[in-house]
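> Please work out how this folds:
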Amino acid sequence: MLTIFTTPKDFDEEFDIIQRNALCSWRAVSNDLEIIILGDSLGAEEAATSINAKYIANVEKSVKGTPTISGMFTAVEKYAKNNLLCYVNADIVLPKNIMNISSILSEQIKKFMAVGYRWDLDVSELINFNDDQVSRKFWNNARKQAIKHPSTGIDYFIFKKYTFKNILELAVGRLAWDNWLLWKTRRMRLPLIDVSNELFVIHQNHGYNHMGFKGRKDMLIDHEVLSNRSLVKNQTLNLLDANWVMEDTKIKKKLSMDFKDRNLDSLQKIYPEFKIIIKIYKKIKRKFRVLTQFFSNK
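Numbers count the residues shown, from 1 in each chain. Presented below is the predicted three-dimensional model:
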């Protein structure tokens with residue numbers, strides 16, 4: 001079984017609709033799905049009660065009061081009843097096969113991190129995902145209208161309890177923390193699995209006029225963003241750096257030449273202590289490829 005956990009923003013203005021839609025879609029997956037809402041944002045406890053979710057107000061926070069990744073991971077490992085966990089941002093609508101795909105991952109690999117692309121969609125009204133007709137209409141529209149987001153945005157993480165230790169105290173929703181977690185996975189030599197082929201995950205578009213921000217540009221110079229970037233330094237990856245992929249419910253290593261070339265660059269960030277050796281290997285490989293192409297054309 002699976003435990004989904006999140007920390008929402010205050011349930012006001014556009015985020016009231018967006019976050020209620022997200023939570024409703026999660027509960028519509030299954031009544032047996034455990035959902036944990038973390039943090040003391042406005043309306044969080046009421047929202048948790050409305051979907052029969054577990055509510056935990058006290059979680060480690062930054063100096064500005066934003067929950068941290070380390071704090072959330074610690075809390076969910078303490079209170080979740082399931083071994084299989086999934087962090088999801090609170091503006092994400094999940095498809096009903098999330099439990100099935102998570103279970104398949106858990107059965108095939110002992111330790112892993114599964115992530116994937118999101119598809120962005122404008123949503124302006126409450127959606128009752130418990131109504132099959134309404135739900136079908138939403139998903140049909142999403143397949144036509146939603147736009148695939150670039151590889152830098154990561155909104156969900158599927159993994160097992162106690163997989164990660166020494167998590168940095170990064171503020172959630174303040175950039176860099178998600179890209180650092182991908183780096184951390186590869187650094188630990190765990191399979192980083194792209195499950196985008198299996199999970200059609202919807203992100204509801206929104207602005208950045210919350211918590212006193214006047215827009216995205218204002219948020220980018222916020223103390224918590226600068227603090228996150230300072231902590232992670234150059235230790236960031238994106239979805240293109242996933243070294244495994246799930247296709248037709250089978251997990252496979254990425255073996256394409258394009259990925260191997262990219263991976264050599266990524267390895268220099270993942271293992272900086274071997275940077276010189278990797279650079280030398282890369283040069284040798286490039287020269288060998290040139291020679292191979294030369295002789296094959298003779």
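> Show me where this protein has its strands.
All strands of the chain, identified by DSSP state E, fall at 2-6, 34-38, 54-56, 84-88, 92-93, 113-115, 119-121, 147-148, 156-160, 192-194, 202-204, 244-247, 250-253.
> what pairs with the second one, and is each one parallel or antiparallel?
Right, the one you point to is strand 34-38. strand 2-6 (parallel), strand 54-56 (parallel) (DSSP bridges).
> among those, which is nearest Gln204?
Evaluated over the strands paired with strand 34-38, closeness to Gln204 peaks at strand 2-6, with 13.7 Å, by CB to CB. All C-beta atoms are positioned from the backbone trio N, CA, C, and that covers glycine.
> now the angle between strand 156-160 and that closest one, please.
On the basis of axes from the mean of the first three to the mean of the last three CA atoms, to 10 degrees, strand 2-6 is oriented at 140 degrees to strand 156-160.
> What mean pLDDT does strand 2-6 get?
Average pLDDT, strand 2-6: 98.
> And stretch 174-184, by the same measure?
Rounded mean pLDDT across stretch 174-184 is 93.
> same check, this time on stretch 65-79
Here the average pLDDT along stretch 65-79 is 94.
> what's around Trp183, how many residues?
Number of residues near Trp183 (other CB atoms under 10 Å) recorded here: 21.
> does it really touch Leu237, like I thought?
Yes: under the criterion of CB atoms under 8 Å, Trp183 makes contact with Leu237 at 4.8 Å.
> Quick check: neighbours shared by these two?
Residues touching both Trp183 and Leu237 by CB atoms under 8 Å, 6 or more residues apart in numbering: 269-270.
> Break down the stretch 51-200 of the chain into its helices, ranges please.
Per DSSP state H, counting those that start in this stretch, the stretch 51-200 of the chain carries helices over the ranges 69-79, 98-108, 132-145, 177-187.
> Can you list the buried residues in the third one?
Applying a neighbour-count criterion of 16 or more other CB atoms under 10 Å, the buried positions in helix 132-145 are 135, 138-139, 142.
> Take those residues and write them to TSV, including distance to Glu77 and pLDDT.
TSV is the format used below for the buried residues of helix 132-145 (distance: CB to CB, whole Å; pLDDT from 0 to 100):
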residue	distance to Glu77	pLDDT
Ser135	32	97
Phe138	33	98
Trp139	32	98
Ala142	33	98
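> Could you export those residues as CSV, including distance to Leu264?
As requested, these are exported to CSV (distance: CB to CB, whole Å):
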residue, distance to Leu264
Ser135, 44
Phe138, 42
Trp139, 39
Ala142, 37
